Structure formats: structure tokens, C-alpha cells
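J.: Got a sequence here, can you build the structure:
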Amino acid sequence: MSPDAKPERLRNLGPKSQAWLAGLGIEDLAALRRADAFQVYARLKAQGVPVSLNLLYALLGAQQDRDWREVKREERSAILLRLDDMGLAPR
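T.: Next up, the predicted model:
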């Protein structure tokens, strides 16, 4: 993306989160939808980015065009179980 290009607004994600994603080569909704949100979260975490579960909810919500709070409310248990399987569950 050129420095003058305005990034596509991704639902639930602010400028800082979008900059983190751009660092992974995810600069638009199509790229985000092709990505595994859990792997994106894991990569950011491994880079030392101060991610929280809210970012994962936001990524999933953006992919599905849903509010992150709805994702958290409806899928929290399944999300935490997958993170546990990945060794990334919060303590």
C-alpha cells in the first residue's frame, strides 16, 4: 500500500490494530478473511505486540462482519478452548 493510500476501514479495528495487521501483510478485508484469525493473533503475540483477547474477538468479528462484543458473548468458550489447544490460553 502506498503511503498516500487510505486503508480500508475494518470493522472493530482501530488504526493501531490495522497497523499491526499491515505489518503482517494484511491490509484489507479480503486479506483478513483469507487469514486464520487465531494464527494472526498468535503471530502478533509472538512478535511481542501487546494483544488481548479483545483483539481476537475483533478479528473474528471483522471477518464475519459482526460486532466484537457479539463474538465474545456467543463464542467465548469455543475461542478459549482453541487458544488452550494452541498453548495461548490466558492465565
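
J.: From now on I want contacts and neighbour counts done on CA atoms only, so please keep to that.
T.: Noted.

J.: what about the helices in this protein?
T.: Using DSSP state H, the helices found in the chain span residues 15-22, 29-34, 37-46, 53-64, 68-85.

J.: Which residues does the longest one contact?
T.: What that stands for is helix 68-85. Helix 68-85 is contacted from outside by 12, 38, 54, 57-62, 89, using Cα atoms under 8 Å, 6 or more residues apart in numbering.

J.: That one: which residues count as buried?
T.: 68, 71-72, 79, 83 (16 or more other Cα atoms under 10 Å).

J.: same question, stretch 29-38
T.: Of the residues in stretch 29-38, those buried (16+ other Cα under 10 Å) are 29, 32, 37-38.

J.: what does stretch 53-68 give?
T.: 53, 55-63, 66-68.

J.: What is the nearest of the residues you listed to Arg43?
T.: Set against Arg43, the nearest of the buried residues of stretch 53-68 by Cα to Cα is Leu56 (11.7 Å).

J.: burial of the nearest residue to the closest one once chain neighbours are set aside, as a residue count?
T.: Leaving aside its chain neighbours, Leu56 sits nearest to Tyr41 (6.2 Å; criterion: Cα to Cα, 6 or more residues apart in numbering). When neighbours are counted by other Cα atoms under 10 Å, Tyr41 registers 21.

J.: what does the model give Tyr41 for pLDDT?
T.: Note on Tyr41: pLDDT of 98.

J.: and if you look at Ser52?
T.: 95.

J.: ok, now how distant is it from Gln64?
T.: 19 Å (Cα to Cα, to the nearest Å).
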